[in-house]
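Novice: Test case, fold it:
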Amino acid sequence: MKVKVFTNGSFEENCYLAIDEPTGEALIIDPGSQPKSIIQWVKEEKCKVKYVINTHGHSDHIGANTEVCNEFGVKLGIHPLDAPMLTDTKLNLSAYWGEPILSKKADFFLNENDIVKCGDSELRVVHTPGHTPGGICLVGEKIIFSGDSLFADSIGRTDFPGGSTAALIKSLKEKILPLAGSIIVYPGHGPTTTIDHERTYNPYFC
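Specialist: Below is the predicted model of the structure:
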């Protein structure tokens, strides 16, 4: 898959466009804010959007859901445990950050080992609770979209409601770190990394 990134909003959240090049089908992952800019960015790629997917339900990852889904006429997917966050400003934390944010409701749920098909490409859903109860990663053959579960040299915050450091480290160690070391990690914030780098240098796993 071809991966494009659009870093947006005051939290510098990474929205991703994952494109299956043979077919032109694409997924929009975590459209956090600046919907007009995201829509224009996607249109410039001249791809066919299939779904919008949220890796978790915090407001900096869901703020442009409604506008983007409406523009491209596509459905929204998220893990069921984070679905209530979409329509609750306290659960998605925006009530505490000065700008209440609401999203449309989820159209479908993504559970452990579900397969998201995009053209000839597939991404497997891996449930990685800890940053949020319903946080997920999307794992492809050579890439992983890790949301706020795994960052370059760090992991997601666990001091928000529903967070658990133990649960996050456990899920990452058991489900993500055993993946091929060459896999490129596309996180919700910050630069890309690789599984091998995180196994070797991430202080939470060393």
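Novice: Now do the buried residues in the longest helix along the chain.
Specialist: Counting by DSSP state H, the longest helix found in the chain is helix 35-44. For helix 35-44, a neighbour-count test (16 or more other C-beta atoms under 10 Å) marks P35, I38, I39, W41, V42 as buried. No exception for glycine: its C-beta is placed from N, CA and C like everyone else's.
Novice: and which of those residues is nearest G135?
Specialist: I38 (21.5 Å; C-beta to C-beta).
Novice: you'd agree the closest one is up against D30?
Specialist: No: here I38 does not reach D30: they are 10.1 Å apart, not a contact under C-beta atoms under 8 Å.
Novice: Find residues that contact each of those two.
Specialist: Each of C15 lies in contact with both I38 and D30 under the rule C-beta atoms under 8 Å, 6 or more residues apart in numbering.
Novice: How about the residue nearest to the spatial centre of the chain, nearest residue that isn't a chain neighbour?
Specialist: Relative to the mean C-alpha position of the chain, the nearest C-alpha, by C-alpha atoms, centre = their mean, is the one of T55, at 3.2 Å. Nearest non-adjacent residue to T55, counting by C-beta to C-beta, 6 or more residues apart in numbering: G147, 2.8 Å away.
Novice: How about K75?
Specialist: Closest to K75 by C-beta to C-beta, 6+ apart is D107, at 3.6 Å.
Novice: So the one you found sits against L76, correct?
Specialist: Yes: contact criterion C-beta under 8 Å: D107 and L76 qualify, at 5.1 Å.
Novice: Just give me the neighbour total for A180.
Specialist: 11 (other C-beta atoms under 10 Å).
Novice: What about F108, how many residues nearby?
Specialist: 14.
Novice: Specify the local secondary structure of S171.
Specialist: helix (DSSP: H, G, I helix; E, B strand; the rest coil).
Novice: before we move on, the earlier item: got a list of what the residue nearest to T55 touches?
Specialist: Contact analysis of G147 by C-beta under 8 Å, 6+ apart lists D30, T55, H56, H61, T128, H131, G135, I136, C137, G156, P187, G188.
Novice: Does the nearest residue to the first one once chain neighbours are set aside lie in a helix or a strand, and which?
Specialist: What it means is D30. Once flanking residues are discounted, D30 sits nearest to H61: 4.2 Å by C-beta to C-beta, 6+ apart. If you go by DSSP states H and E, H61 is part of helix 59-62.
Novice: Tell me the confidence at the residue nearest to T55?
Specialist: At G147, the pLDDT value in this model is 99.
Novice: what do you get for the one 3 residues further on?
Specialist: pLDDT for L150: 99.
Novice: residues contacting it?
Specialist: T128, C137, G156, L172, I176, V185, P187, E198.
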